[in-house]
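A.B. asks: Give me a model of this one.
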Amino acid sequence: MSLMVVIWIRFLSYCAISVLLKETKDVRSDNSQQPCCSITTASELPSASADAAGDRDSSVCSVRRGLMAAACVAFVHRIASPRLAGAAEQAPTAVVIDKTFNVKGDGQSNDRANLQRAIDQSVGKTLLLTGASRIDASGLQLRNGSHLRFEPGASLTLLPHNQAAYQMLRIWDVRDVVVEGAVLNGSKELNGARNDPDRDGYGMGISIAGSSNVTLISPTTIGCWGDGIYIANSYERKGQVSSHITVRDHLASDCRRQGVSLISGSNILFERPVWQKIGGTMPSAGLDIEPNSNLDLLDNIRIVDPVTRRCRTGILMYLQALPGVRPKTVSIEITGHRDELSAVAPLNISGLELEGNVVTGTIRVNSSTWVSSRVPRMRSENYDAARGPKIIMEGLKIIS
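C.D. replies: Residues are numbered from 1 along each chain as shown. Alright, predicted model coming up:
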């Protein structure tokens, strides 16, 4: 705020306060009431017969001065605190309960159709999930402006099926989505799909594709046939990148392929995730950053204080598919990674053979702690360290 604006605000405040003080003084004085007019000279003093009219005029003046002072104060407050003024004008978000749409949440019934109807009809509101709902492998599609909140004890669990590929929650080609406290159980023990350790691991808890401004708060993804969370470009709109995705306090446990797969994204933030006991189909990493093509993007990827526990690989970056006709710049920062008991490596950055293509940038790994890892070092194979993104590792602590 400029100096002139500050001076102007203070001047208006002084005027408003002065009017209020003068009005208070006028009301308390028995012989000082005057009509709303300019300065009165001695020759213009009212006669006794005009006193009553003067009193009425003075009362009107009092009201007018009070209203003017209040308006000044409100105006000054609005200038000085525009955020507060804006917040006061916004109505609180309405809350809709899933039971309104005949969602049973009894742990047995297929609630998918009613939940989808609830999602479709609660856009711009907060949809509260209250029970232990079961859904089939068709999954649920979120909309622009969807806001889901799971009450403590609420969950979504897949019914028995035989699908190797599914998405329990699809956040595809939408924006401004918030999901709070989701508990998703992929029920891998109830999946009749072929259990192939080298393929068919595409059953996702939460799938984000081509979406923007998405916030996931404390999501839990358990027993997924593939990944807990999957982030990629749009499947329908070529080159539309997922952007501004924030995930806080994610827990992925007992998923077959990955805790998280990050294929493509811009401005992606994970804070304090725990990815544990990941295994069953390759690559079995807590986090796998692995583009599918030269159309993908790895821009401003930040992973803060992640924990990987009993995974085949703690964090994997495999960049083989990224090089191509379009030059690429990679920006990845991992801070405070703690790996415990990884079977192969706590960190693996591999698979970048440029063959004349351009991929530059920085991969920065700060303040890692690796505990009882089978191979307590970074693994890197077939990586063009001379021309590819620079790998910077600082502050590594190894505990055997």
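A.B. asks: hmm, which helix or strand of this structure has the shakiest average pLDDT?
C.D. replies: Ranked by mean pLDDT, DSSP states H and E, the weakest helix or strand in the chain is helix 82-89, scoring a mean of 35.
A.B. asks: Following the chain onward from that one, which element is next?
C.D. replies: Using DSSP states H and E, the next helix or strand after helix 82-89 towards the C-terminus is strand 95-97.
A.B. asks: What is that next one packed up against?
C.D. replies: The contact analysis (3 or more C-beta pairs under 8 Å, 6 or more residues apart in numbering; DSSP states H and E) places strand 95-97 against strand 126-129. Glycine gets a C-beta too; all of them are placed from N, C-alpha and C.
A.B. asks: which SSE is G361 in?
C.D. replies: strand 359-366.
A.B. asks: Could you give the average pLDDT over the helix or strand that comes right after that strand?
C.D. replies: Next along the chain after strand 359-366, taking DSSP H and E as the criterion, comes strand 369-371. Average pLDDT, strand 369-371: 97.
A.B. asks: Give me the contacts around strand 369-371.
C.D. replies: Strand 369-371 has contacts (C-beta atoms under 8 Å, 6 or more residues apart in numbering) with 314, 336-342, 346-347, 376, 396-399.
A.B. asks: and with 10 Å instead?
C.D. replies: By C-beta atoms under 10 Å, 6 or more residues apart in numbering, the surrounding residues in contact with strand 369-371 are 307-309, 314, 336-342, 345-347, 376-378, 395-400.
A.B. asks: Give me the PyMOL select line for those residues, limited to the buried ones.
C.D. replies: With 16 or more other C-beta atoms under 10 Å as the burial test, the buried ones among the contacts of strand 369-371 are selected in PyMOL as follows:
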select buried, resi 307+308+309+314+336+337+338+339+340+341+342+345+346+347+376+378+396
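A.B. asks: Sticking with the residue nearest in space to the middle of the chain, tell me its helix or strand.
C.D. replies: Centroid check for the chain by C-alpha atoms, centre = their mean gives T215 as the closest residue, at 2.1 Å. For T215, the host element (DSSP H and E) is strand 212-217.
A.B. asks: now for that strand, which elements pack on it?
C.D. replies: Judged by 3 or more C-beta pairs under 10 Å, 6 or more residues apart in numbering; DSSP states H and E, the packing partners of strand 212-217 are strand 147-150, strand 165-172, strand 175-180, strand 202-209, strand 243-248, strand 265-271.
A.B. asks: show me what contacts the closest residue to S207 other than its chain neighbours?
C.D. replies: Closest residue to S207 apart from its sequence neighbours, by C-beta to C-beta, 6 or more residues apart in numbering: Q167 at 3.9 Å. Counting by C-beta under 10 Å, 6+ apart, Q167 touches 137-141, 202-209, 224, 226-227, 230.
A.B. asks: rerun that using 8 Å as the cut-off
C.D. replies: Counting by C-beta under 8 Å, 6+ apart, Q167 has contacts 139, 204, 206-207, 230.
A.B. asks: just these now: which is nearest E236?
C.D. replies: Using C-beta to C-beta, S207 is the member of the contacts of Q167 that sits closest to E236, with 13.2 Å.
A.B. asks: what pairs with the closest one across the strands?
C.D. replies: Taking DSSP bridges, one obtains R170, Y230 as the residues bridged to S207.
A.B. asks: Give me the distance between it and Q116.
C.D. replies: Distance of S207 to Q116, computed by C-beta to C-beta, to the nearest Å: 15 Å.
A.B. asks: Next: I263.
C.D. replies: With the distance defined as C-beta to C-beta, I263 ends up 26 Å from Q116.
A.B. asks: The two: which is more packed in?
C.D. replies: Just comparing I263 and Q116: by other C-beta atoms under 10 Å the higher neighbour count belongs to I263, 21 against 18.
A.B. asks: How confident is the prediction for that one, by pLDDT?
C.D. replies: Note on I263: pLDDT of 99.
A.B. asks: Give the phi and psi angles for the nearest residue to it once chain neighbours are set aside, as a check.
C.D. replies: Closest residue in space to I263, ignoring its immediate chain neighbours: A232 at 3.9 Å, by C-beta to C-beta, 6+ apart. Torsion angles at A232 (phi, psi; degrees, to the nearest 10) stand at phi -150, psi 180.
A.B. asks: wait, what's in contact with A164?
C.D. replies: 191, 193-194, 200-203, 225.
A.B. asks: quick one: it from K188, how far?
C.D. replies: From A164 across to K188, the span is 11 Å (C-beta to C-beta).
A.B. asks: what do the two both touch?
C.D. replies: With C-beta under 8 Å, 6+ apart as the test, A164 and K188 both reach 203, 225.
A.B. asks: about what we covered before: tell me how far the residue nearest to the centre of the chain lies from I171.
C.D. replies: To I171, T215 is 11 Å away according to C-beta to C-beta.
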